[in-house]
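> Compute the structure for the input listed below.
(chains A and B)
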Amino acid sequence: MSLVDIQDVRKSFGPLEVLKGVSIEIGRGDVAAIIGRSGSGKSTLLRCINGLEEFQSGAISVDGMMVGKTDLRTLRRHVGMVFQQFNLFPHLTAGENVMLAPTVVAKLQKGEARDRAAALLEKVGLAGKFDAYPSQLSGGQQQRVAIARALAMEPTVLLCDEITSALDPELVNEVLRVVEQLASEGMTLILVTHEMRFARDVGTKLIFMHQGRVHEEGAPKTLFAHPQTPELAQFVTGAH
Amino acid sequence: MIEFSFAIILENLLLATRWTILLSLIAFVSGGLVGLLVLFGRVSKHEVLRLLTAGYIEFFQGTPLLMQLFLLFFGIALFGVEVSPWVAAWLALTFWTSAFLSEIWRGCVESVPRGQWEASGTLAMTYLEQMRYVILPQAMRIAVAPTVGFSVQVIKGTALASIIGFVELTKAGTMLNNATFRPFLVYSLVALIYFCLCFPLSWCSKRLEARLNVAR
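Numbering: from 1, shown residues only, chains lettered A, B, ... in the order given. Next up is the predicted model:
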């Protein structure tokens, strides 16, 4: 059975229908890359998975939990998210950012949470930055702290919403390397991304969204080499 | 007839100033606490709470503090409960202060970017946890300067308590004037004392505003 099961999801903002019946199945350990033009509904879809957006019809389940029926907190303890704008807590240090949810939500002891935070910061290559404030870090470093913060809750699936789009080009790779490492460890990832090369090389599943629908989906390498629709062909050539 | 020297006038005014300071402090603290409760209602997800607190704020911001004082002082007495000027002044100033502070603070809470709510919500925090650990610490930084600035209004607001017979600085001034018939001297001193209380706070507020803005 798939880990994340999206069935015929429809979502409107007022009169504008942004998701027009989207169905996707994502298995455990999958790295699903969602690509498409801005306005194609890909970020909205991602935000529906952890309840940041409500949808009008259809169903989403994550590890057997129905989104909208399951208590939002229970769902979110299993679904991590990393944002385009990092959204680190500016009044807390990197280490405290990572420790906060484990101590407050998961009721971990301070010492235990501190150890976990230190280990995660080391994992994302920021061992020496425990006491640095977000304003003292580069964009790439901030985003890696944000990844560590999401991982600290030990999510079943991690959602990444254009996490390299706000970064200077030279900082993109340091973040992608961390994501690639997570993928190789078997973490289930759903990424909305503009990094085509990354989607092709690291992704196990490619989803091309167009005008609120899944226009094409399949194995990334096949899809990139042989797009079936003119829209994807145009998108792929336009992106390079 | 007793002769009122300058020293005696000043001494009596300063003695009464203690009550102005005390009433201001108490009203500010209790107004702040009530204001915090009102704030939670004002930014809550429940529409009924939001409407109720909005009504509360509109009422106390939209009517003169003097009327609120009268309503409390004479209104409660209608029910056979004797209210001392102290209690009436304290209650009225508390409600009035809470209405203004909660509205100031609401602006500060809403100036915290939406992404902070989303990030903390995504980490499975409850509303109260989000407020306590993420939103309020950031909002408080922004709120310090306008809050200190508003304390000046509270000090000046206590002058109205003189009308219901509470002997603070203004009331003492009125009494001294009645005894000495030297209104210009007495009220100049009263104004000067108010200024000495308020000016450091205004100055402090400006300094804080400048410093916290630079730190951002």
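
> Check whether stretch A:122-138 comes near chain B.
No. Judged by CB under 8 Å from any CB of the partner chain, stretch A:122-138 stays clear of chain B, getting no closer than 8.8 Å. All C-beta spots, glycine's among them, are computed from the backbone N, C-alpha and C.

> and that stretch, C-alpha only, in CSV?
The C-alpha coordinates for stretch A:122-138 follow below in CSV (Å, rounded to 0.1, in the frame of the first residue of the first chain):
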residue,chain,number,x,y,z
GLU,A,122,26.1,17.7,12.4
LYS,A,123,24.3,15.6,9.9
VAL,A,124,23.4,18.6,7.8
GLY,A,125,27.0,19.9,8.0
LEU,A,126,26.5,22.6,10.6
ALA,A,127,28.2,21.1,13.7
GLY,A,128,29.7,24.4,14.8
LYS,A,129,26.6,26.5,14.4
PHE,A,130,24.5,25.3,17.3
ASP,A,131,24.6,28.7,19.0
ALA,A,132,24.4,30.9,15.9
TYR,A,133,21.2,32.9,15.3
PRO,A,134,19.5,32.6,11.9
SER,A,135,20.5,36.1,11.0
GLN,A,136,24.1,35.1,11.3
LEU,A,137,23.7,32.2,8.8
SER,A,138,23.7,32.2,5.0
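
> Touching it from outside, list them.
A:86, A:88-90, A:92-95, A:97, A:117-118, A:121, A:141-142, A:144-145, A:147-148, A:151, A:171, A:174, A:178, A:181 (CB atoms under 8 Å, 6 or more residues apart in numbering or on different chains).

> Can you narrow those residues down to the ones near chain B?
By CB under 8 Å from any CB, the members of the contacts of stretch A:122-138 lying near chain B are A:88-90.

> Tell me which of the residues you listed fall in strands.
Judged by DSSP state E, the subset of those located in strands is empty.

> quick one: which of those residues is nearest to residue A:106?
Nearest to residue A:106 out of those is residue A:89 (CB to CB; 16.8 Å).

> ok now do residue A:21, which residues does it touch?
Listed by CB under 8 Å, 6+ apart, the contact set of residue A:21 reads A:8-10, A:58, A:213.

> and the helix or strand hosting residue B:191, what other elements does it pack with?
In this assignment (DSSP states H and E), residue B:191 forms part of helix B:183-215. In terms of contacts (3 or more CB pairs under 8 Å, 6 or more residues apart in numbering or on different chains; DSSP states H and E), helix B:183-215 is packed against helix B:6-42, helix B:136-157, helix B:169-180.

> tilt between that helix and helix B:136-157?
Here helix B:183-215 points in a direction 170 degrees away from that of helix B:136-157 (axes from the mean of the first three to the mean of the last three CA atoms, to 10 degrees).

> Rounded mean pLDDT for helix B:183-215, please.
Taken as a whole, helix B:183-215 has a mean pLDDT of 88.

> now swap in stretch A:117-128 and tell me
Rounded mean pLDDT across stretch A:117-128 is 96.

> follow-up on the earlier one: could I get the helices and strands packed on helix B:183-215 as CSV with mean pLDDT?
As requested, the helices and strands packed on helix B:183-215 are exported to CSV (pLDDT from 0 to 100):
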stretch, mean pLDDT
helix B:6-42, 95
helix B:136-157, 93
helix B:169-180, 93
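
> returning to that earlier point: which of the contacts of stretch A:122-138 are buried?
Among those, those classed as buried by 16 or more other CB atoms under 10 Å in any protein chain shown are A:86, A:88-90, A:92-95, A:97, A:117-118, A:121, A:141-142, A:144-145, A:147-148, A:151, A:171, A:174, A:178.

> Please point out which parts of stretch A:26-45 sit buried.
By neighbour count on 16+ other CB under 10 Å, the buried set for stretch A:26-45 is A:26, A:30-37, A:40-45.

> Which one of those residues is nearest to chain B?
Using CB to the nearest CB, residue A:43 comes nearest to chain B of the buried residues of stretch A:26-45, at 12.1 Å.

> from what I can see the closest one touches residue A:192, true?
Yes. Applying CB atoms under 8 Å, one finds residue A:43 in contact with residue A:192, separated by 5.5 Å.

> what touches both of those two?
Taking CB under 8 Å, 6+ apart as the criterion, residue A:43 and residue A:192 both touch A:161-162.

> quick one on the thing from earlier: which of the buried residues of stretch A:26-45 fall in strands?
Filtering these for strands - DSSP E - leaves A:26, A:31-36.

> Dump those residues into a markdown table; add distance to residue B:153 as well.
Converted to a markdown table, those look like this (distance: CB to CB, whole Å):
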| residue | distance to residue B:153 |
| --- | --- |
| A:26 | 57 |
| A:31 | 58 |
| A:32 | 57 |
| A:33 | 56 |
| A:34 | 53 |
| A:35 | 56 |
| A:36 | 54 |
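
> Could you report the distance from residue A:205 to chain B?
23 Å (CB to the nearest CB, to the nearest Å).

> What residues are bridge-paired with the residue lying closest to that residue once chain neighbours are set aside?
Computed as CB to CB, 6 or more residues apart in numbering or on different chains, the closest residue to residue A:205 that is not its neighbour in sequence is residue A:32, at 4.4 Å. Applying DSSP bridges to residue A:32 gives these bridge partners: residue A:190, residue A:205.

> Settle this for me: residue A:32 is touching residue A:189, isn't it.
Yes. Taking contacts as CB under 8 Å, residue A:32 lies within contact range of residue A:189: 6.9 Å.

> Of the contacts of residue A:21, which count as buried by neighbour count?
A:9, A:58, A:213.

> of all these, which comes closest to chain B?
Relative to chain B, and with distances defined as CB to the nearest CB, the nearest of those is residue A:9, at 19.0 Å.

> what bridges to the closest one?
Bridge pairing for residue A:9 - DSSP bridges - gives residue A:22.

> Quick check: it vs residue B:21, distance?
62 Å (CB to CB, to the nearest Å).

> near chain B, which residues of chain A?
A:50, A:52, A:73-74, A:76-77, A:79-81, A:83, A:85, A:87-91, A:100-101, A:104-105, A:146, A:149-150, A:153.
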